[in-house]
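J.: dropping the sequence and predicted coords here.
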Amino acid sequence: MKYIVATLFLWASCLIAATGQEETERVSDGCKRCNHRGVVECKRHDEADIALEKEVDFCAIAARCEDCGGTFQVDCGFCIGGPDSLPLERRRGRIAGILKGGVPAEKLLERPLPWVRTPHFDLVVDVEYLKNGSKRLDAHEFLHHLARESEAAASMLDQHLKAKPHHYGRAKIYFWESLADHKKVNRELLGTNTESGMKLYGPKPAASSWTGAKGLQGKALNVAANGVHIGIHLLLSSAFRGEWIGDKKAGWFDVGAAHWYEEQRFQRTATYCVDEAIADLNYKNGQWRTVIKSELAKRKETLLPELSKELSGTLWEEEHALSWSLYDWLVTEHPDSVKAFLMGFKDGKEMRDICRKELDMTLRQVEDAWRSWVAETYPARNPKARKRL
Ligand SMILES: [Zn+2]
Ligand SMILES: [Zn+2]
Ligand SMILES: [Zn+2]
Ligand SMILES: [Zn+2]
């Protein structure tokens, strides 16, 4: 009898244990509705939205979604959780932290702003809309276009400089529809009292522009091209060591590079920065292959002794195009030397010395090589420029 009682007791306790185990497993394993994840998709975003959001590291507009806080997932609600519940909570906390930290202009203007973070940039676009052909893009839609263009240009620069995003200071780029906000940001954050587009070079690079300015005119394509161009200036100034080369007899490199990456994305270069030249320039409509080809064929005098000593702010409009072409040659024919040029300029070296050390060429040899490369490779017709984003 004793034996039977003992067996019964054992059997009973096994039963209790099994039920208890079932209970815990069912809870932590979600339910059928959430596919046993504990979380389901947030209904406020479709698949296209989510694909777009995946291109950026953070989007303030997505993060302000009241349901999911930018995670695109919410608790299942039918069960008390599953394996994805805790990771979702952590992700939500991380995103909320970035949103709370915000960008400096949000504190200054005391209101939330539309902005995104990418590996190289914090991009802020405060507009109602920008024109894109016959359509309109709101701030959020445009931000994602701008992020895509700027990052595409920045990753080309990474390859040329053999750099990773952490080798630069993350560049802040602001675009404002309100001239008053732009001026306030210039004054309070960039330290200059001016209406024109301003840039802060160095380890913490930043720039602010007004979208109503000449050349931008509230057009999405122009603003994006401007953002790409400015972004390259900012990244160059902070790459490896915070130092602007535009005032160091390396204007051709600083300006040429900014035009070059802009041209790569848009097949046209339309941006002239205020510290480079007077506003309102549009040399040969920003399409320079054919004009440089014929100009160089015509002009017999050597150009580099002078061009190589100009600062960004002392280049004439035609010299902008020559600088672009010289950078085109360097980046195409000697991609492995681009970083050495940049860092040589940051160190205050002259172009002739960098050429001798890096390329084993005199300035004269570089000029000849560049000219013959242009003559051989530049087409008789310019590629078609992009019409919209
Ligand atoms: Zn569930
Ligand atoms: Zn977004
Ligand atoms: Zn949501
Ligand atoms: Zn520029």
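T.: Nice, thanks for sending it over. Ligands and ions are numbered 1, 2, ... in the order given.

J.: now do the contacts for the closest residue in space to residue 98 that isn't next to it in sequence.
T.: Spatial nearest neighbour of residue 98, chain neighbours left out: residue 58 (5.1 Å); criterion: Cβ to Cβ, 6 or more residues apart in numbering. In short, each C-beta sits where N, CA and C put it, glycine included. Residue 58 makes contacts with 70, 95, 98-99, 116-117, as judged by Cβ atoms under 8 Å, 6 or more residues apart in numbering.

J.: would you mind giving those residues as CSV with neighbour count, secondary structure and pLDDT added?
T.: What follows is the contacts of residue 58, written out as CSV (neighbours: other Cβ atoms under 10 Å; DSSP: H, G, I helix; E, B strand; the rest coil; pLDDT from 0 to 100):
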residue, neighbour count, secondary structure, pLDDT
70, 22, coil, 98
95, 20, helix, 98
98, 15, helix, 98
99, 19, helix, 98
116, 25, strand, 98
117, 18, strand, 98
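
J.: for the one helix or strand residue 96 maps to, packing partners?
T.: Assessed by DSSP states H and E, residue 96 sits inside helix 85-101. Counting contacts by 3 or more Cβ pairs under 8 Å, 6 or more residues apart in numbering; DSSP states H and E, helix 85-101 packs against strand 58-59, helix 60-63, strand 73-75.

J.: what's the closest of the contacts of residue 58 to ligand 3?
T.: residue 70 (7.0 Å; Cβ to the ion).

J.: if I look at the closest residue to the closest one other than its chain neighbours, how far off is residue 168?
T.: When the adjacent residues along the chain are set aside, residue 70 lies closest to residue 63, with 3.5 Å between them (Cβ to Cβ, 6+ apart). Per Cβ to Cβ, to the nearest Å, residue 63 is found 24 Å from residue 168.

J.: these two: who's more crowded?
T.: residue 168 (25 against 22; other Cβ atoms under 10 Å).

J.: touching, the more buried one and residue 239? I think so.
T.: Yes: contact criterion Cβ atoms under 8 Å: residue 168 and residue 239 qualify, at 5.4 Å.

J.: who does the strand or helix carrying residue 149 touch, helix- and strand-wise?
T.: Assigning secondary structure by DSSP H and E places residue 149 in helix 139-161. Helix 139-161 sits against strand 58-59, helix 60-63, strand 115-117, strand 121-126, strand 129-132, helix 220-238, helix 251-266, helix 338-346, with contacts defined as 3+ Cβ pairs under 8 Å, 6+ apart.

J.: with ligand 1 as the reference, name the closest of those.
T.: Across the helices and strands packed on helix 139-161, closest to ligand 1 is helix 60-63 (Cβ to the ion), at 23.4 Å.

J.: who touches the closest one?
T.: Contacts with helix 60-63, where a contact means Cβ under 8 Å, 6+ apart, come from 45, 49, 53, 69-70, 72, 95-96, 98-99, 102, 112-116, 139-140, 143.

J.: ok, 6 Å please
T.: 53, 70, 95, 99, 114-115, 140 (Cβ atoms under 6 Å, 6 or more residues apart in numbering).

J.: quick one: the residue in the chain positioned nearest to ligand 2 from residue 143, how far?
T.: Per Cβ to the ion, residue 59 is where the chain lies closest to ligand 2, at 3.1 Å. Using Cβ to Cβ, residue 59 is found at 7 Å from residue 143.

J.: which neighbours do the two share?
T.: Listed as contacting both residue 59 and residue 143 by Cβ under 6 Å, 6+ apart are residue 116.

J.: hmm, back to that, tell me the pLDDT of the residue nearest to residue 70.
T.: Listed pLDDT for residue 63 reads 98.

J.: ok, it to ligand 3 distance?
T.: Noted for residue 63: a distance of 9 Å to ligand 3, by Cβ to the ion, to the nearest Å.

J.: so where's the chain uncertain?
T.: Applying pLDDT under 70 to the chain flags residues 1-27, 274-280.

J.: domains in it, by residue range?
T.: The record's domain split for the chain, according to automatic domain parsing, is 26-101, 112-244, 245-389.
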